[in-house]
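Enquirer: Fold the stuff below for me.
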Amino acid sequence: MKENPSSIFDNAINLAIEAKNTLKQIPGIAVLDHPYMDPLRVTVGVHDLGVSGYEADDFIYMDQRVVSELSGSRFITLPFSPGTCREHVNRLILAFKNLSSSSSSSSFIKFNSMNGRVGVDLEPWSDIKMKLTPREAFFAKKKKVDIKDATGKICGELICPYPPGFPIITLGEVISQRVVDILQQSIVDGAKIIGSCDPLLSSMLIYDV
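Expert: Predicted coordinates:
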């Protein structure tokens with residue numbers, strides 16, 4: 001980088017642009033593209049294939065040993081670096097072509113109404129209600145309740161689907177049905193639940209009023 005400060009990333013950026021343009025041509029694949037995005041990150045949407053980003057992530061690794069940087073319920077983000085070469089891009093493209101082809105076959109596990117995929121509202125929301133500060137909730141007496149009885153109660157734990165590892169709900173917040181739906185769908189999609197006393201999320205910890 002010291003010897004070539006102005007050009008060290010040029011090849012990686014060009015390969016990333018080429019990968020984006022090729023991925024856009026694959027049926028069912030969407031590519032997030034914007035002039036102000038990090039040119040060394042390629043984010044691929046797989047929602048139209050009927051699979052989650054978690055399962056797609058597993059597929060491209062098993063198929064071509066492609067390792068992503070981040071996956072979510074609908075996307076995968078892949079990093080490009082000065083060490084990225086043509087062979088890496090070829091394997092990346094082939095992995096997504098195989099994913100696209102496989103997702104339309106009966107042998108590929110698809111997420112639909114028969115195996116638990118439901119329409120979950122993932123739009124941003126502004127109706128978050130805090131009843132206790134996180135500190136108050138942390139030291140308050142808590143109890144475990146069945147997940148179906150958690151709606152409307154005050155959450156006693158910080159829960160994150162991983163990846164990406166962002167909290168969906170935190171201590172002191174009122175548990176909404178929307179939050180419960182998103183957490184349960186995250187498990188169906190293949191995410192791990194961290195922070196919860198019950199990783200399978202059949203129950204939740206609430207403030208014992």
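
Enquirer: any idea how far the helix ranked longest in the chain is from the chain center?
Expert: Counting by DSSP state H, the longest helix found in the chain is helix 86-103. Computed by Cα atoms, centre = their mean, to the nearest Å, the chain-centroid distance of helix 86-103 equals 20 Å.

Enquirer: Show the end-to-end separation of stretch 15-31, please.
Expert: 15 Å (Cα to Cα, to the nearest Å).

Enquirer: likewise stretch 18-36?
Expert: 17 Å.

Enquirer: Surely Ile206 and Ala140 touch.
Expert: No: Ile206 is beyond contact range of Ala140, at 9.8 Å (criterion: Cβ atoms under 8 Å). Backbone N, C-alpha and C define where each C-beta goes, glycine included.

Enquirer: what residues are shared contacts of the two?
Expert: Taking Cβ atoms under 8 Å, 6 or more residues apart in numbering as the criterion, Ile206 and Ala140 both touch Gly156.

Enquirer: Settle it for me: which of the two has more neighbours?
Expert: Ranked by neighbour count (other Cβ atoms under 10 Å), Ile206 and Ala140 place Ile206 first, with 21 against 16.

Enquirer: Which residues does stretch 34-51 contact?
Expert: Applying Cβ under 8 Å, 6+ apart, the contact partners of stretch 34-51 are 9, 12-13, 16-17, 19-20, 23, 28-32, 52-53, 56, 59, 69, 74-81, 96, 99-100, 103, 108-112.

Enquirer: What mean pLDDT does the helix or strand following the longest helix of the chain get?
Expert: Reading on from helix 86-103 to the C-terminus, the next helix or strand found by DSSP states H and E is helix 134-139. What helix 134-139 shows for mean pLDDT is 86.

Enquirer: cool, stretch 78-94 as well?
Expert: The model assigns stretch 78-94 a mean pLDDT of 95.

Enquirer: same check, this time on stretch 182-192
Expert: 85.

Enquirer: what do you get for stretch 26-38?
Expert: 92.

Enquirer: Report the buried residues of that stretch.
Expert: 26, 28-31 (16 or more other Cβ atoms under 10 Å).

Enquirer: Relative to Ile194, how far out is Gly156?
Expert: 16 Å (Cβ to Cβ, to the nearest Å).

Enquirer: Now the residue nearest in space to the middle of the chain, what are its backbone angles?
Expert: In the chain, the centroid-proximal residue (Cα atoms, centre = their mean) is Gly72; its distance is 1.0 Å. Main-chain torsions, Gly72, degrees, to the nearest 10: phi -140, psi -170.

Enquirer: Retrieve the pLDDT associated with it.
Expert: 86.

Enquirer: Check Leu49 too.
Expert: At Leu49, pLDDT is 91.

Enquirer: same check, this time on the one 5 residues further on
Expert: Reading off the per-residue confidence, Tyr54 sits at a pLDDT of 89.

Enquirer: what's the next secondary structure element after the one helix or strand Asn21 maps to?
Expert: Per DSSP H and E, Asn21 falls inside helix 10-23. Sequence-wise, the next helix or strand downstream of helix 10-23 (DSSP H and E) is strand 30-32.

Enquirer: Now do the same contact list for Ile60.
Expert: The neighbours of Ile60, taking Cβ under 8 Å, 6+ apart as the test, are 66, 68, 76, 92, 95-96, 99.
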